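Visitor: Sequence isn't available, so here's the structure alone:
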């Protein structure tokens, strides 16, 4: 059903630029709609910049926009426009016919031809102006994005510089503590050498698959793997009387108890001229482990290490 407000066409006219602004449609899209459905869009004033459109075309452009968004075909859109806005077009065509008859009576054929050419040129200039306006808007958006990217890169570089300075300070502190003897830690050779015990003058160790020897490093890792997630493990080293003292403290928050393990080891050269790490003493919760317990421990380590 055609709305009665189309029966009387308003005498207020607007430009294509104003159509795009009120409907929030890009200028290039407004020009595309105008060119594609020109016969359904009433206008007055000739071509180019002098062409104006009655305010009723806002509804036409709005409806075209909706149909395009709903993926209507061109034929469907034209049938819809012809059905809903035919009365408006008839009024507009009548007005245009009247204006044309007056113009024909007042001008010569050559003047009409020149006017037509000028109208097309003016219309092209107007379209060009709309496109330039859209290009300027896009350039402003690109410039803003570039500035945001530059600012982000600056912040990133500043953060990297700050972290590098902090890391340098930490390195100097740690280096100073090592140089002053505040931090004791055995060498990798000591930690990786075969771990042995001496029983009745015989050095006993654990050899795993592939002729890999069980080392002090393996011993510490084995302790850490045996504890659960609820158990905290703290290890510390101390160099004392040519021996290295390893203290392992465990704290089971779930059970409310902990355990202290003190292992004293030293570097020893066996009669077969092998450099090994010998366990001098093993203390668990203040009790020294006897040799028999150490032998039992090493037998268990052999089964675990080869498992």
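Guide: Looks like it came in fine. These figures come from a predicted structure and were not determined experimentally.
Visitor: how deep is residue 212 tucked in, by neighbour count?
Guide: For residue 212, the count of nearby residues is 13 (other CB atoms under 10 Å). In this view, the C-beta of every residue, glycine as well, is placed from N, C-alpha and C.
Visitor: so where's the protein uncertain?
Guide: Applying pLDDT under 70 to the chain flags residues 1-11, 46-49, 86-119, 121, 171, 173-183, 207-211, 224-231, 253-256, 302-307.
Visitor: Determine the longest strand present in it.
Guide: strand 257-269 (DSSP state E).
Visitor: in that strand, what's buried?
Guide: Neighbour-count burial for strand 257-269 flags 261-265, 267-268 (criterion: 16 or more other CB atoms under 10 Å).
Visitor: Which of those sits closest to residue 299?
Guide: Checking the buried residues of strand 257-269 against residue 299 with CB to CB, the nearest one is residue 263 at 17.8 Å.
Visitor: Specify the beta-bridge partners of the nearest residue to that closest one once chain neighbours are set aside.
Guide: Distance criterion CB to CB, 6 or more residues apart in numbering; nearest residue to residue 263, sequence neighbours excluded, is residue 246 at 4.5 Å. Beta bridges link residue 246 to residue 237, residue 263, judged by DSSP bridges.
Visitor: Residue 246 and residue 237 touch, don't they?
Guide: Yes: contact criterion CB atoms under 8 Å: residue 246 and residue 237 qualify, at 5.9 Å.
Visitor: Who has more neighbours out of those two?
Guide: Neighbour count, other CB under 10 Å: between residue 246 and residue 237, residue 246 has more, with 20 against 13.
Visitor: Show me what secondary structure element comes after the longest strand of the chain.
Guide: Following strand 257-269 in sequence order, the next helix or strand is strand 275-284 (DSSP states H and E).
Visitor: tell me what that following strand is packed against?
Guide: helix 188-192, strand 195-199, strand 202-205, strand 257-269, helix 291-305 (3 or more CB pairs under 8 Å, 6 or more residues apart in numbering; DSSP states H and E).
Visitor: what would the ones you listed look like in CSV with distance to residue 51?
Guide: Shown next, in CSV, are the helices and strands packed on strand 275-284 (distance: least, CB to CB, whole Å):
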stretch, distance to residue 51
helix 188-192, 87
strand 195-199, 96
strand 202-205, 100
strand 257-269, 91
helix 291-305, 93
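Visitor: Looking at these, spot the one closest to residue 55.
Guide: Relative to residue 55, the nearest member of the helices and strands packed on strand 275-284 by CB to CB is strand 257-269, separated by 85.3 Å.
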